[in-house]
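Enquirer: just to be clear, the model below is a prediction. Sequence and coordinates:
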Amino acid sequence: MLMLGIINSNPFLRSIIMTTANEKILTALRTAMEAEMTGHHFYKNAAATTEDVQGKATFERLAEEELLHFNYLKKQYGSILDTGDFNFSIPLAAGPNAEVSGPIFSSQLKARIKQSHFEVSALSVGMQLELNAVNFYRQCAEESDNPEVKAFFNHLVKWEQGHYDGFAQELESLKEDYWQANNFVPM
């Protein structure tokens with residue numbers, strides 16, 4: 001208690017401690033922004049590459065959501081640089097649907113599943129990107145002592161978990177047909 005009083009009464013000590021804590025958060029936000037931009041570009045490329053109309057629309061929406069996430073994180077990053085703290089009055093960004101609901105690809109994809117290597121690969125890569133984000137945000141939440149920062153990162157976990165769950169569900173529904181059509185038997 002005495003130490004806390006000394007730190008709070010000394011602007012120099014307070015700034016050193018706040019700078020160290022903020023630098024850790026800023027590093028986490030830079031990593032998060034990089035991941036969101038990677039996801040944005042991946043989904044844009046997936047939308048441009050897939051021949052499935054429904055898949056194209058889904059990947060375009062996901063690319064937009066990742067960009068919204070990036071911009072939200074960038075605003076928080078700027079707030080910490082400017083004020084030394086998060087600005088929790090900035091609404092959390094969310095696209096039209098924070099979760100991937102329903103099938104990602106049209107029913108016609110199953111009819112041509114043997115030639116759908118790109119789409120199946122895109123699901124697998126997308127799942128890995130989202131899982132990496134979930135794990136990173138979860139770790140940031142666990143490492144924070146600040147309840148507001150912990151809640152912030154836990155909300156980011158929910159953002160990405162919705163995407164991951166949608167990909168996992170879609171991949172599960174296509175996997176057996178894809179393996180069978182391509183004479184692939186997993187070991």
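Expert: Yes, it's here. Residues are numbered from 1 along each chain as shown.
Enquirer: next, count neighbours for T83.
Expert: Using other CB atoms under 10 Å, T83 has 9 other residues around it. Every residue, glycine included, has its C-beta placed from N, CA and C.
Enquirer: in contact with it, which residues?
Expert: If a contact means CB atoms under 8 Å, 6 or more residues apart in numbering, then T83 has no contacts.
Enquirer: same question, N87
Expert: Going by CB under 8 Å, 6+ apart, N87 touches 75-76, 79.
Enquirer: can you rerun that using 6 Å?
Expert: S79 (CB atoms under 6 Å, 6 or more residues apart in numbering).
Enquirer: so how far is C140 from the most centrally placed residue in the chain?
Expert: Geometric centre of the chain, nearest residue: E160, 4.2 Å, by CA atoms, centre = their mean. E160 sits 12 Å away from C140, going by CB to CB, to the nearest Å.
Enquirer: buried stuff in stretch 53-63?
Expert: Neighbour-count burial for stretch 53-63, counted by 16 or more other CB atoms under 10 Å, picks out 54-56, 58-59, 61-63.
Enquirer: my bad, should have said stretch 135-150
Expert: For stretch 135-150, using 16+ other CB under 10 Å, the buried residues are 136-138, 140-141, 144, 149.
Enquirer: quickly name whichever of those is closest to T49.
Expert: Distance to T49, by CB to CB, is smallest for F136 among those, at 26.3 Å.
Enquirer: and the closest one, what helix or strand is that in?
Expert: Taking DSSP states H and E as the criterion, F136 maps to helix 117-143.
Enquirer: now for that helix, which elements pack on it?
Expert: Applying 3 or more CB pairs under 6 Å, 6 or more residues apart in numbering; DSSP states H and E, we find helix 117-143 packed against helix 11-49, helix 147-181.
Enquirer: out of those, deepest packed?
Expert: helix 147-181 (a mean of 17; mean count of other CB atoms under 10 Å).
Enquirer: point out where the chain drops to low pLDDT.
Expert: For the chain, applying pLDDT under 70 flags the ranges 1-19, 93-107, 109-116, 183, 185-187.
Enquirer: rewinding a little: out of everything not next to it in sequence, what's closest to the residue nearest to the centre of the chain?
Expert: Once flanking residues are discounted, E160 sits nearest to A133: 4.1 Å by CB to CB, 6 or more residues apart in numbering.
Enquirer: my guess is that neighbour contacts W159. True?
Expert: No. Using CB atoms under 6 Å, A133 makes no contact with W159, being 7.9 Å away.
Enquirer: state the distance from the nearest residue to C140 once chain neighbours are set aside to L81.
Expert: Nearest non-adjacent residue to C140, counting by CB to CB, 6+ apart: F153, 4.3 Å away. Separation of F153 from L81 (CB to CB): 18 Å.
Enquirer: do the same with M33
Expert: Distance from M33 to L81, counting by CB to CB: 13 Å.
Enquirer: same question for N22.
Expert: N22 sits 8 Å away from L81, going by CB to CB.
Enquirer: repeat for T50
Expert: The value you get for T50 to L81, if CB to CB is used, is 38 Å.
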